[in-house]
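In: the sequence isn't on hand, but the structure is:
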């Protein structure tokens, strides 16, 4: 019968059919009746083989109205209006964040991190902030802020879900909440609304909760080692590891390579640092750089909350100490911010490392090298104040000493003077009415000038220039000046002394006699002698030497 076409006259009823009931079209899910679509069973439980239409297709066919080619098209019926409070009902955005609370009156903690859940209700734009409860926390937890619209600023604006994002701060009533994550549905909703959601970040660890968790851990008691303090004292007493080190401080100003001895006491794991002195090293005889004590690897690696200004470090704050494993030839250890290089050790130390650590290479390191070159001493240029010798003493020592004098020369030439007659030369020519006595002191090579009285000259006679060493006009180096000597005093030539120009006219007989008898002491004296001889017009003779004039 199934092969017959479905046409009038070809349909027959089944005489064996006894069930004519209508099948159920509703099902139950979570206590609610839900229509079954599509319906696959007909009357009497007979399976329907024809295609079944869904409810949406049936509604579409019911509302389908074809558009004619003429006339006004019929408008579609308006869609069913759904209020916002119905559409967004039970749709809540959930963010995860934390509140950092400062602790002022506690020495064990400085702040606490309190995790919170931020719920944003889309139906009425209200927000609720809830803190998860921790057992025996000692602080009120639960609902921190009840569900309400939260003000954003003082201008009447309120927080909206578009203002909240991951890694942003959320300030409410003076408390700053930091958002660090959200749930999956919230992220999908924000992205569907065109908001770029920032990547999540980890929740910071609450230091108080971490400390409390560690204190609540079950205590584990380890089996006591047979190598206790008493056995360590009995076996390792008077056994010391000795290392030879150097502290290279040459990069610093006036630094040097200083040798030290580091002694490690095995009986209590303490360290002592001794300085090795040598003859005339210029240092005080204090050999102990560091007294015997346990040496921390980093004494500054302590908790940030430790009051280091008022309390000393104890074993509870120090995290790690130096042990024999940290010492070896070629290693650099840090002792009180000083880097010590181990270059050798004694025989007992080598045997200890061989039997306990299996080390065999104990080749010492050559640390002498070459001494650093000192920068050359540069003398600053002469500034013109005082004499050249006095200014030089300020550069040679911290406390200037008086310059050395040639006392033998001063004793041999005491009272010996070379006197010359000179006249002053001006721009208009020689001033013949002004005569001067130029005196050269052989004891200290100084020159003094005395103006002779002249009748109606209008000048005050007397001392014209104090005794001083006079620099040559041809001298160019201010640090090594050349001074006038007897070889430069030539009769008939001009002298430039302190800006004045003098022309020598005559000299005492003693000048010629002295220079002829001491020619070897004044190189280049020939020209001066010739001028004196021409002035006297007599040959050179030592018998003509007269007694030196008395000092004025």
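Out: Structure received. Just so you know, these numbers come straight off a predicted model, no measurement behind them. Numbers count the residues shown, from 1 in each chain.

In: in this protein, which residue is closest to the centre?
Out: residue 337 (15.4 Å; C-alpha atoms, centre = their mean).

In: mind giving me the packing neighbours of the worst-scoring helix or strand of the chain on mean pLDDT?
Out: Using mean pLDDT, DSSP states H and E, helix 55-62 stands out as the lowest-scoring helix or strand of the chain, at a mean of 77. Judged by 3 or more C-beta pairs under 8 Å, 6 or more residues apart in numbering; DSSP states H and E, helix 55-62 is in contact with no other helix or strand. All C-beta atoms are positioned from the backbone trio N, CA, C, and that covers glycine.

In: and the pLDDT for the residue nearest to residue 133 when sequence neighbours are not counted?
Out: Counting by C-beta to C-beta, 6 or more residues apart in numbering, residue 141 is the residue found nearest to residue 133 once chain neighbours are left out, at 4.6 Å. Here the pLDDT value assigned to residue 141 is 89.

In: again, but for residue 323
Out: Note for residue 323: predicted pLDDT of 92.

In: all helices for the stretch 1-150 of the chain, in order.
Out: 55-62, 84-87 (DSSP state H, counting those that start in this stretch).

In: and the last one, average pLDDT?
Out: Mean pLDDT, computed over helix 84-87, is 87.

In: can you give me how far stretch 378-391 is from the chain middle?
Out: Computed by C-alpha atoms, centre = their mean, to the nearest Å, the chain-centroid distance of stretch 378-391 equals 41 Å.

In: for that stretch, give me every contacting residue.
Out: 392, 395, 400, 402, 403, 469, 478, 479, 481 (C-beta atoms under 8 Å, 6 or more residues apart in numbering).

In: list the contacts of the last one.
Out: It stands for residue 481. Contact partners of residue 481, counting by C-beta under 8 Å, 6+ apart, are 382, 388, 471, 472, 475.

In: so which helix or strand takes in it?
Out: When elements are assigned from DSSP states H and E, residue 481 belongs to no helix and no strand.

In: look up phi and psi at it.
Out: phi -70, psi 160 (degrees, to the nearest 10).

In: one more: the fifth one?
Out: Torsion angles at residue 403 (phi, psi; degrees, to the nearest 10) stand at phi -60, psi 150.

In: can you tell me the SS state at the spatially closest residue to it that is not a sequence neighbour?
Out: Nearest non-adjacent residue to residue 403, counting by C-beta to C-beta, 6+ apart: residue 389, 3.7 Å away. Of the three states, residue 389 takes helix under DSSP: H, G, I helix; E, B strand; the rest coil.

In: near residue 389, how many other residues are there?
Out: 12 (other C-beta atoms under 10 Å).

In: measure it to residue 481 for me?
Out: 11 Å (C-beta to C-beta, to the nearest Å).

In: now do residue 241
Out: 65 Å.

In: swap in residue 416?
Out: 24 Å.

In: for this structure, which segments count as helices?
Out: All helices of the chain, identified by DSSP state H, fall at 55-62, 84-87, 184-192, 207-215, 229-236, 347-357, 388-396, 407-412, 509-517, 526-536.

In: how about the contacts made by residue 483?
Out: 445, 469, 470, 471, 472.
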